[in-house]
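1. Sequence unavailable; structure follows:
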């Protein structure tokens, strides 16, 4: 096959990818006006790009707020590129089992350059549904965020932690680091209403045989049914099933 000539490009494709790149780097939902201000693309052209990307699943547009985030199609591409899809396929039956046991939403999140991101949601049983969207980024104080902060390499999460800690009091940062030491030992984390009032979460890591963090499984529900310590019944169930899940990837505690 003939090599493409150096400098030969499709300008409209470059513009479109610059929009996607900008949204990805912002790491938060953006409204049309935000994207217009950040890109300086004319409103008529920008609308065509965003409408096309939304129809293709490259972007997702929230019906209530009108804001845009990265869509499921990009997540599919990313997972295929990193062979992460096999992990999701393998943990999904366990997530369904957890959903039946907890009657709460169960999430699987992986690491991205913008922080932890939800890539799978299971809520097949009638119960509480937080309405989490695939593609949502989770904060450091969530149960999910605490697991990533505890088990990922420091150089991987430095920039994310600096951003998350920027407006956090020193005492709260100190307490967070102490909690991470406990999470490292117990391999389970808890978060009381970190994002939404009356909604709490509990999470555990998924390791491979080298104890490399593949992702995090999180149970999210009303605070009165989500455990706050490892001694509670649901926590013990999660600890046991977490060992079974990571064991399927060769990890032995």
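-> Done, it's in. Being a predicted model, the structure only gives us computed values, none of them experimental. Residues are numbered from 1 along each chain as shown.

2. Parallel or antiparallel, which strands does the strand or helix carrying residue 200 pair with?
-> Taking DSSP states H and E as the criterion, residue 200 maps to strand 199-207. Using DSSP bridges, the strands paired with strand 199-207 in its sheet are strand 189-191 (antiparallel), strand 213-222 (antiparallel).

3. Please point out which parts of the last one sit buried.
-> Neighbour counts over strand 213-222 (16 or more other Cβ atoms under 10 Å) mark 213, 214, 215, 216, 217, 218, 219, 220, 221 as buried. Quick note: C-beta positions are derived from backbone N, CA and C, even for glycine.

4. which parts of the following helix or strand past it are buried?
-> Downstream of strand 213-222, the first helix or strand assigned by DSSP H and E is helix 233-247. For helix 233-247, the neighbour count (16+ other Cβ under 10 Å) marks 234, 235, 237, 238, 241, 242, 243, 245, 246 as buried.

5. need the contact list for the fourth one.
-> Read it as residue 238. Shown in contact with residue 238 (Cβ atoms under 8 Å, 6 or more residues apart in numbering): 98, 188, 202, 204, 219.

6. Produce a ChimeraX select command limited to the buried residues of those residues.
-> A single ChimeraX command selects the buried members of those (16+ other Cβ under 10 Å):
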select :98,188,202,204,219
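
7. Throw the contacts of residue 238 into a markdown table and include distance to residue 165 and pLDDT, thanks.
-> Putting the contacts of residue 238 into a markdown table (distance: Cβ to Cβ, whole Å; pLDDT from 0 to 100) gives the following:
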| residue | distance to residue 165 | pLDDT |
| --- | --- | --- |
| 98 | 31 | 95 |
| 188 | 23 | 97 |
| 202 | 23 | 96 |
| 204 | 24 | 97 |
| 219 | 26 | 94 |
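
8. Closest to residue 38 out of the contacts of residue 238?
-> Set against residue 38, the nearest of the contacts of residue 238 by Cβ to Cβ is residue 219 (35.8 Å).

9. ok so, going back, quick check: the two most widely separated of the contacts of residue 238?
-> The distance between the two most remote of the contacts of residue 238 (Cβ to Cβ) is 12.9 Å, for 98 and 188.

10. before we move on, which element is residue 120 in?
-> Using DSSP H and E, residue 120 sits in strand 115-122.

11. Do you have the helices of the chain handy? List them.
-> Ranges of helices in the chain, per DSSP state H, are 11-26, 32-39, 43-56, 72-81, 85-102, 143-151, 154-165, 170-186, 233-247.

12. could you check the angle strand 115-122 makes with the longest one?
-> Angle between the axes of helix 85-102 and strand 115-122 is 60 degrees (criterion: axes from the mean of the first three to the mean of the last three Cα atoms, to 10 degrees).

13. Just the residues contacting helix 85-102, thanks.
-> The contact list for helix 85-102 (Cβ under 8 Å, 6+ apart) reads 76, 79, 105-106, 108, 119-120, 122-125, 127, 206, 214-215, 217, 219, 221, 225, 234, 237-238, 241, 244-245, 248-249.

14. at 7 Å instead, please
-> Helix 85-102 is touched from outside by 79, 106, 108, 119-120, 122-125, 206, 214-215, 217, 219, 221, 234, 237, 241, 245, 248, with contacts defined as Cβ atoms under 7 Å, 6 or more residues apart in numbering.

15. And for stretch 150-162?
-> 111, 115, 140, 148, 149, 180, 183, 184, 205, 213.

16. the inter-axis angle of the strand holding residue 200 versus helix 233-247?
-> 30 degrees.

17. now strand 199-207: how far from the chain's centre is it?
-> 12 Å (Cα atoms, centre = their mean, to the nearest Å).
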